[in-house]
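S.K.: okay, predicted coordinates and the sequence, questions at the end:
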Amino acid sequence: MKLLIVDDEELTRTGVISSIDWPSIGIQEVLQADDGMNGIEVARVHRPDIVLCDVRMPRLDGIAMLERLEEILPDIVPVFMSGYSDKEYLKAAIKLKAVNYIEKPLNPAEIRDAIIEARDLCLEKKRTRHNESIHSMESASRLALLLTQPYAHARESIDQLMAELSLSISASTTFTAIVLKTDTEEELPLSEANTMYLSVREFLKPFHIDCIFVEKRVQYMVYFLFGPAPGPAVRKSIREFFCNLYSRYTRFCIAAGDIVTGISKAYQSYTSAVILLQSSFFFPAGVFLSPFYQAATSKKTAEIPASPESKFLTLLIGKDRKKTDSFLNNLFLYYDLNQNTLPNQAKDLYYKLFRALDEASRQLKVTLSDTQENLMDALEKIFSFRELHQKLVKKTENFFQAAANTEEENSTIFMIKDYIGQKYMNETLSVKDISDHVFLSTSYVCTFFKNETGQTLNQYLTEYRMEKAKQLLADPRHKITDISSRVGYSDGNYFGKSFKKYTGFSPSEYREKMS
């Protein structure tokens, strides 16, 4: 806690400070001021919890100072000291809820006891305020959640919570829903969510706008802003503030709904924000979309064939790099900044295109590392269209590079590598499984593979798993504890030792090196 001592006599201040062991009674910082005016300025900057002040001082006396401080710091606890037995001052001190009124000459033991009493009262005030704040936030969160439902379904509960929160909402109050999506897979800590919510409310105060907030399904944050209709300049400030507030996330997107009048239409604003948020998939991360501000959209300058996956497969099998690049460029132009397509429609098509790549690699006996199982998982976590498209472009480049470097590989070797690419995540994958797959004996497969590739089957399998682990470690969204099982190791410690032997780094060291 912080204590502010205000007295116009320097000897009194230094005497009080030196006569008491302040840390032993919970006071970590002692501040000083030589009169009431300076006391107010020090309090503004340092926000003390307790003030020990003289009653009579030049410029501004202690009573007047505390009356002003109560407006700035409503929870501050005052203790007065005076050399005068003035009944009027004593009455004023009692009115200000002073813990004690100490007469000069001062007794250190009496001061110590008074400060301990003030400390205890201050702690009680803080606990009460904290509990009230938590209860208020919980009620505001419940109200925000109810506003994400049609008003008619929750009218009674909404009215009850509005009365509990004493919100100043009238029939002419406007509402705007702001919905954010982040790439986090972990729920925001309650203290951090509350801190961010309070910072939003503080920011909105000068515009006479208030808000309520709720976190939905981990990745989504919903704010309802209410008050007078914001003009263009205010909307711009709000947009910039939210983008800065959530810049701590690697990737996020924000959508604001229609500005509506009356709480009964808040749900309408929310649904319009949700619809707009869907199209944010086709915009760069960090975009803020609203009915009043749209990121620059592109005109459709490209068309895609009726069966894009068939066309893509034909180009890949024909090894036509130039036409494949043109196909991918047209695909990007068609979808980028496109607000008329649903994200799942684009993801469904891109899934088929990835499958076409796998099919082309099988037909041409080109080994690609990605598998269908990993692909499904990866598409689920894709945050934006540009990330999705870049993934396809990169895999296509890998395909053409592998096709150019691949000599006519023995079909059996290709089948073995392809099988490992599909099954490497299975801990029980064995040489026998591989030999059964290619209809050869275990001993022959081992000898044949070593002669053709220069590696043993186990060496190739370990190398394959370690390279997949490196790819997963490069993405911070994957937990290290999960990666071992995803590359075929049930024992995390054994995986760590194997990884260090292969790379020279532990998994955590490798991730830190890559970041």
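M.R.: That came through, no problem.

S.K.: could you measure the closest residue to Ala114 other than its chain neighbours against Arg119, distance?
M.R.: The shortest distance from Ala114 to any non-neighbouring residue, by C-beta to C-beta, 6 or more residues apart in numbering, is to Asn100 (3.9 Å). Bear in mind the C-beta positions are built from the backbone N, C-alpha and C, glycine included. Asn100 sits 12 Å away from Arg119 when distances are taken as C-beta to C-beta, to the nearest Å.

S.K.: give me the common contacts of these two.
M.R.: Residues touching both Asn100 and Arg119 by C-beta atoms under 8 Å, 6 or more residues apart in numbering: none at all.

S.K.: okay, now Gln278: neighbour count?
M.R.: Gln278 is surrounded by 16 other residues when neighbours are defined as other C-beta atoms under 10 Å.

S.K.: which SSE is it in?
M.R.: helix 266-279 (DSSP states H and E).

S.K.: run through who's touching the helix or strand following that helix.
M.R.: Counting by DSSP H and E, the element after helix 266-279 in chain order, helix or strand, is strand 288-289. Applying C-beta under 8 Å, 6+ apart, the contact partners of strand 288-289 are 239, 242-243, 253-256, 276-277, 279-280, 283, 295.

S.K.: mind listing the residues bridging to the closest residue to His208 other than its chain neighbours?
M.R.: With C-beta to C-beta, 6+ apart as the measure, Gly227 is the residue that lies nearest to His208, at 5.3 Å, once sequence neighbours are left out. Counting by DSSP bridges, Gly227 forms beta bridges with Thr174.

S.K.: and Gly227, what's its pLDDT?
M.R.: Model confidence at Gly227, expressed as pLDDT, equals 94.

S.K.: remind me which residues of the stretch 351-500 of the chain are low pLDDT?
M.R.: Regions of the stretch 351-500 of the chain meeting the criterion pLDDT under 70 cover residues 369-377, 406-409.

S.K.: that one: strands as residue ranges?
M.R.: According to DSSP state E, counting those that start in this stretch, the stretch 351-500 of the chain carries no segments that qualify as strands.

S.K.: scan the protein for its longest helix.
M.R.: Within the chain, and with DSSP state H defining each element, the longest helix by residue count is helix 108-146.

S.K.: helix or strand next in line after it, which one?
M.R.: Following the chain from helix 108-146 toward its C-terminal end, the next helix or strand by DSSP H and E is helix 151-165.

S.K.: so that following helix versus helix 108-146, what angle?
M.R.: Relative orientation of helix 151-165 with respect to helix 108-146: 170 degrees, computed using axes from the mean of the first three to the mean of the last three C-alpha atoms, to 10 degrees.

S.K.: list the contacts of helix 151-165.
M.R.: Under C-beta under 8 Å, 6+ apart, the answer for helix 151-165 is 136, 139-140, 142-143, 146-147, 169, 263-267.

S.K.: phi and psi next, for Tyr101.
M.R.: Backbone torsions of Tyr101, given as degrees, to the nearest 10, read phi -130, psi 100.

S.K.: measure it to Ala43 for me?
M.R.: Summarising the geometry, the distance separating Tyr101 from Ala43, computed by C-beta to C-beta, is 20 Å.

S.K.: can you check Phe252 too?
M.R.: When distance is defined by C-beta to C-beta, Phe252 is 38 Å away from Ala43.

S.K.: what sits against Thr462?
M.R.: Remark: with contacts taken as C-beta under 8 Å, 6+ apart, Thr462 is in contact with 498, 502.

S.K.: repeat that with 7 Å
M.R.: Under the criterion of C-beta atoms under 7 Å, 6 or more residues apart in numbering, the contact list for Thr462 reads Ser498.

S.K.: burial of the residue nearest to Ala285 when sequence neighbours are not counted, as a residue count?
M.R.: Computed as C-beta to C-beta, 6+ apart, the closest residue to Ala285 that is not its neighbour in sequence is Arg251, at 4.0 Å. Each residue near Arg251 was counted by other C-beta under 10 Å, and the total is 15.

S.K.: before we move on, back to that, go through the contacts of strand 288-289 and name the one nearest Gln345.
M.R.: Distance ranking of those against Gln345, using C-beta to C-beta, places Ser279 first at 11.7 Å.
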